[in-house]
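Q: Sequence unavailable; structure follows:
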């Protein structure tokens, strides 16, 4: 498949669901378009779309009454998955795209093919991985999640 | 599980592999630590670790000779998956962590709990999703990947 994200998924998992979301981010809204692009069995695709609707990632909308036809659009929660897709794309472009990136992201403000660079939400500085560490948050009151060595290993 | 990434994966797929990588990013290097943290069957864990070594994401290192014991450390290619993990974490914190984030990322330079904000790699401006569009790149010479509507849908 001509897609770095799909290449990434080949390596790290079996992620039909995320490929459906990827296509939704690209503007796909209709069953037959997903089916053709993904080459996925219709019953499997149908089940995955239903699950995405149940999880509040896609919303079903009637676009035709005779015969009845629905399309699927991303909710806010679904659009929030875009950075996951973007991160998979960047990794795939670097490690699983021997012919170069299949898709370029153009920044309209400067007109260049770009990628995202992480800056700190508080001070605005470039966020370097060796300048951050992890600490337990309110969702882990028993301190069970972070391994004991993570503080050192993270730096 | 006290982990937003795991919560995200509950929704969007069955991703043992990425949970292994997540723990590697947190500093886990030993079979028994993964086994205990993930509660995964030993034969399944063993197969996934082998696959990650084959794909060049983890590297096996002998740390003890009598009896022989190996540990697993991330390669450069593996460390490059950190932004994927981070993007999953951010989504999970927002949409699947009712008790608050289980892990906080502290920026050592400013001392605050922060998240990453995307800036343009070329002009440095904040990268807003409605200020970018996608174009076919060199890895998709037949222009088969981007759907026809994506240019409009992306903006």
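A: Perfect, I can see it now. Since the structure is predicted, the reported quantities are computational estimates derived from the model, not experimental observations.

Q: Please make it C-alpha for all contacts and neighbour counts, starting now.
A: Fine.

Q: tell me which element the closest residue to residue A:81 other than its chain neighbours falls in.
A: Nearest residue to residue A:81, sequence neighbours excluded (CA to CA, 6 or more residues apart in numbering or on different chains): residue B:91, at 6.6 Å. Following DSSP states H and E, one finds residue B:91 within helix B:82-95.

Q: quick check: angle from that helix to helix A:82-95?
A: Orientation note: helix B:82-95 sits at an angle of 170 degrees relative to helix A:82-95 (axes from the mean of the first three to the mean of the last three CA atoms, to 10 degrees).

Q: Provide the secondary structure category for residue A:53.
A: Here residue A:53 is recorded as helix under DSSP: H, G, I helix; E, B strand; the rest coil.

Q: Tell me the spacing between it and chain B.
A: Noted for residue A:53: a distance of 11 Å to chain B, by CA to the nearest CA, to the nearest Å.

Q: can you check residue A:48 too?
A: Between residue A:48 and chain B the distance, using CA to the nearest CA, works out to 9 Å.

Q: can you pull the contacts of that residue?
A: residue A:17 (CA atoms under 8 Å, 6 or more residues apart in numbering or on different chains).

Q: tell me which residues in the host helix or strand of it are buried?
A: Taking DSSP H and E as the definition, one finds residue A:48 inside helix A:42-54. The neighbour-count check on helix A:42-54 (16 or more other CA atoms under 10 Å in any protein chain shown) flags A:45, A:48-53 as buried.

Q: Which secondary structure elements does the helix or strand just after that helix sit against?
A: Counting by DSSP H and E, the next helix or strand C-terminal to helix A:42-54 is strand A:58-64. Other helices and strands packing on strand A:58-64, by 3 or more CA pairs under 8 Å, 6 or more residues apart in numbering or on different chains; DSSP states H and E, are helix A:42-54, strand A:69-74.

Q: Which helix or strand in chain A has the lowest average pLDDT?
A: Every helix and strand of chain A was ranked by mean pLDDT, DSSP states H and E. The lowest is helix A:150-154, at a mean of 42.

Q: what about the residue located most distally from the centre of chain A, which SS state?
A: Most distant residue from the mean C-alpha position of chain A: residue A:66, 34.1 Å away (CA atoms, centre = their mean). Classification of residue A:66 using three-state DSSP returns coil.

Q: And what about residue A:23, helix, strand or coil?
A: Three-state assignment for residue A:23 (three-state DSSP): helix.

Q: quick one: it and chain B, what's the gap?
A: Using CA to the nearest CA, residue A:23 is found at 8 Å from chain B.

Q: For that residue, which residues are in contact?
A: With CA under 8 Å, 6+ apart, residue A:23 has these contacts: residue A:34.

Q: Count the residues that sit near residue A:112.
A: Using other CA atoms under 10 Å in any protein chain shown, residue A:112 has 16 neighbouring residues.

Q: Look up phi and psi at it.
A: In terms of degrees, to the nearest 10, the main-chain angles of residue A:112 are phi -100, psi 160.

Q: what helix or strand is the closest residue to it other than its chain neighbours on?
A: Counting by CA to CA, 6+ apart, residue A:112 lies nearest to residue A:106, which is 5.5 Å off, once chain neighbours are set aside. Residue A:106 belongs to strand A:103-107 when assigned by DSSP H and E.

Q: what mean pLDDT would you report for that strand?
A: The average pLDDT within strand A:103-107 is 91.

Q: Tell me how far residue A:72 lies from chain B.
A: Distance of residue A:72 to chain B, given as CA to the nearest CA: 13 Å.
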